[in-house]
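Chemist: pasting the sequence and the predicted coordinates here, then a few questions.
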Amino acid sequence: MSLQTTQQRVTDLDGLRGWLALWVVNAHVVQFALLRESFPGNALFGLLGNGELAVAVFVILSGYVIGRQLRVAPEPYDVFILRRFMRLYPVFLLCFAAGLAVYSNLPMFDGVKENLPDHAWLHVLMLHGAVPDTWLPSSSTAFLKPGWSVSLEWQFYLMAPFIALGLSLKRWRWGVLLGGAGLALLTGALPLEWSKPSFVLLCLHLFLLGMLSDRWLSAVERGRLPGDAAVRWAIVVAAGGAIALRDLPIACWLVAMLMLLPDTARAWGPVTTLWQGAMRNGLAQYLGRISYSLYLCHYLVLELVAFLSAKYLGLVGPKALPVLYLAALACVPLSDLLFRTVEMPGIRLGKRLAAQRMAAPGPTALS
């Protein structure tokens, strides 16, 4: 694969990440404005208000990105974990602390506050999503609702190098895939409940789909697997089937895969132009850059604005929609500030610490 093609794919996926983050923000505006409750049966509000669909695509995208990183540039396990930890933790910890400070003073969170020490230490470890609500009510969503997917991501990072190693070895590959499927089925059969799919085994199939997508695209680039018109139409049919089955995250990812194939621009012409225009424009790229900070901070702002609007202005339900959209718009500069002052410094610190660790004697790569 040429450098230009690699950069174009990264650009496209950054744009996709930006639109997914915007979908999540809008879904929570719809939620706090009670649009689904006010207009029951409205398919559009049902779709726009379902942010978990966008998060599922995020999960597949994460599997793809991490799978590619571990395939192309494997690192020692501790170095990989250190860099990924510093990617997630600074913004997460700050937003959790803000949520803790705000929600501790709101009466509707009294039930969660009863188990505050348990919630606190699990969040500090980013393992709150692994604990079922059966054992600790609201474990995955206490004080920082979007934080459940950060815990999910962290759990995946802890095991991703071992999965990548298994996928890279022929004699282990089917064992990894079948073992993952078995663990997922076993988890679903257990008498345990999670309010969100925040335990890694509940979403392992999505992470694996992303990792396998990277390996498939790499094989196509090297000419080891077909990437011709028949394959492209097979992806179109598969995406149509996913839509018919209402599995929109899979359908969305299949469309992305179609656009990432080599020679797609020549094969699909206007469709590719539309995709590239949507993913490579300045707004999509900007939202993609700040997407993690935006994803984590927006819910707290929206919930606080919804609470204050209802209490002091009497704006409830659809009447609160203009105020909520103004709050969502205000989250953009706030996210930009978080990105520049917390997220990027954390990433840079992670890179420096990783470089120091790599310079030390004795590391061995796990890929």
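Modeler: Noted; the coordinates are in hand.

Chemist: who does the longest helix seen in the chain touch, helix- and strand-wise?
Modeler: Among the elements of the chain assigned as helix by DSSP state H, the one spanning the most residues is helix 3-32. With contacts defined as 3 or more C-beta pairs under 8 Å, 6 or more residues apart in numbering; DSSP states H and E, the packing partners of helix 3-32 are helix 43-48, helix 51-72, helix 248-260, helix 270-280, helix 282-289, helix 291-308, helix 321-338. For glycine as for every other residue, the C-beta is placed from the backbone atoms N, C-alpha and C.

Chemist: relative to Cys95, which of the ones you listed is closest?
Modeler: Of all these, it is helix 291-308 that lies closest to Cys95, at 4.5 Å by C-beta to C-beta.

Chemist: any idea how far the closest one is from the chain center?
Modeler: 17 Å (C-alpha atoms, centre = their mean, to the nearest Å).

Chemist: cool, stretch 222-240 as well?
Modeler: Mean-position distance between stretch 222-240 and its chain equals 26 Å (C-alpha atoms, centre = their mean).

Chemist: contact partners of it?
Modeler: Contacts of stretch 222-240 from elsewhere in the structure, counted by C-beta atoms under 8 Å, 6 or more residues apart in numbering, are 216, 219-220, 250-251, 254-255, 257-258, 261-264, 267-268.

Chemist: of those residues, just say which sits nearest to Ala278.
Modeler: Among the contacts of stretch 222-240, Val255 lies closest to Ala278 (C-beta to C-beta), at 11.2 Å.

Chemist: quick one: the closest one from Arg232, how far?
Modeler: Val255 sits 11 Å away from Arg232, going by C-beta to C-beta, to the nearest Å.

Chemist: with Glu52 instead?
Modeler: Taking C-beta to C-beta, one finds Glu52 at 29 Å from Arg232.

Chemist: and what of Pro76?
Modeler: Note on Pro76: its distance to Arg232, by C-beta to C-beta, is 38 Å.

Chemist: kindly report the same for Phe39.
Modeler: When C-beta to C-beta is applied, the distance between Phe39 and Arg232 equals 38 Å.

Chemist: cool, Leu212 as well?
Modeler: Between Leu212 and Arg232 the distance, using C-beta to C-beta, works out to 18 Å.

Chemist: next one: Val91
Modeler: Taking C-beta to C-beta as the criterion, Val91 is separated from Arg232 by 38 Å.

Chemist: cool, and Leu225?
Modeler: Applying C-beta to C-beta, the value for Leu225 to Arg232 is 13 Å.

Chemist: can you check Gly15 too?
Modeler: Separation of Gly15 from Arg232 (C-beta to C-beta) stands at 21 Å.

Chemist: pick out whichever of those two has more residues nearby.
Modeler: For Gly15 and Arg232, the more surrounded residue by other C-beta atoms under 10 Å is Gly15, and the numbers stand at 24 against 18.

Chemist: isn't that one up against Trp275?
Modeler: No. The pair Gly15 and Trp275 fails to qualify as a contact (C-beta atoms under 8 Å) at a distance of 9.2 Å.

Chemist: remind me which helix or strand Leu144 belongs to.
Modeler: Counting by DSSP states H and E, no helix or strand carries Leu144.

Chemist: so who does it touch?
Modeler: By C-beta under 8 Å, 6+ apart, Leu144 lies in contact with 92, 95-96, 99, 123, 296, 299-300.

Chemist: give me the neighbour count for Ala21.
Modeler: A total of 24 residues lie near Ala21 under the criterion other C-beta under 10 Å.

Chemist: name the nearest residue to it, sequence neighbours excluded.
Modeler: Sequence neighbours aside, Ser291 is the residue nearest to Ala21 in space, at 3.8 Å (criterion: C-beta to C-beta, 6 or more residues apart in numbering).
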